[in-house]
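Participant: A predicted structure for the sequence below; I have some questions about it.
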Amino acid sequence: IYGCWWFCNNPSIIKEITQMRVEMLGTAFTAQHSDARVVDQLIYKWSHSRAVIAKVLVTEYEKAIASGWRPTRKEIRRDVGRLFGGSFSEFMTKSLK
């Protein structure tokens, strides 16, 4: 789990960090979280970050399509869900045994 808040909340930094993590981890991480203490901070940070993360995903899917793989709507929905909290939920249900 990571976030791009405070001094890192710039589009270029969000893009670079998100792109790097998608390339290394696939969708096995949560793309954004918040340490915002005021709702106003959360609203602008969320819309700002979501737009940048969407562009990163479009780039990754364009690479996949260029290599011959055509993702389905179901796969895209799964990936977006994982990046926005689903991977954390999956992790929390795993047994440590």
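Facilitator: That came in fine, so what should we check first? Numbering: from 1, shown residues only.
Participant: okay, F7: pLDDT?
Facilitator: Per-residue pLDDT puts F7 at 65.
Participant: Could you list the low-confidence segments of this structure?
Facilitator: Counting by pLDDT under 70, the low-confidence segments of the chain come to 1-7, 33-37.
Participant: Would you mind listing the residues in contact with the residue nearest the centre of it?
Facilitator: Nearest to the mean C-alpha position of the chain, by CA atoms, centre = their mean, lies A31 at 2.9 Å. Residues in contact with A31, defined by CB atoms under 8 Å, 6 or more residues apart in numbering, are T18, R21, S49, I53, L83, F84. (Glycine included, C-beta is placed from N, CA and C.)
Participant: A66: neighbour count?
Facilitator: For A66, the tally of surrounding residues (other CB atoms under 10 Å) stands at 8.
Participant: which residue packs closest to V52, ignoring adjacent ones?
Facilitator: Nearest non-adjacent residue to V52, counting by CB to CB, 6 or more residues apart in numbering: I14, 4.5 Å away.
Participant: my read: that neighbour touches C8, true?
Facilitator: Yes. At 7.4 Å, I14 and C8 qualify as touching, with contact defined as CB atoms under 8 Å.
Participant: what about the two, which has more around it?
Facilitator: I14 (25 against 12).
Participant: Secondary structure element holding the more buried one?
Facilitator: Assigned by DSSP states H and E, I14 belongs to helix 11-25.
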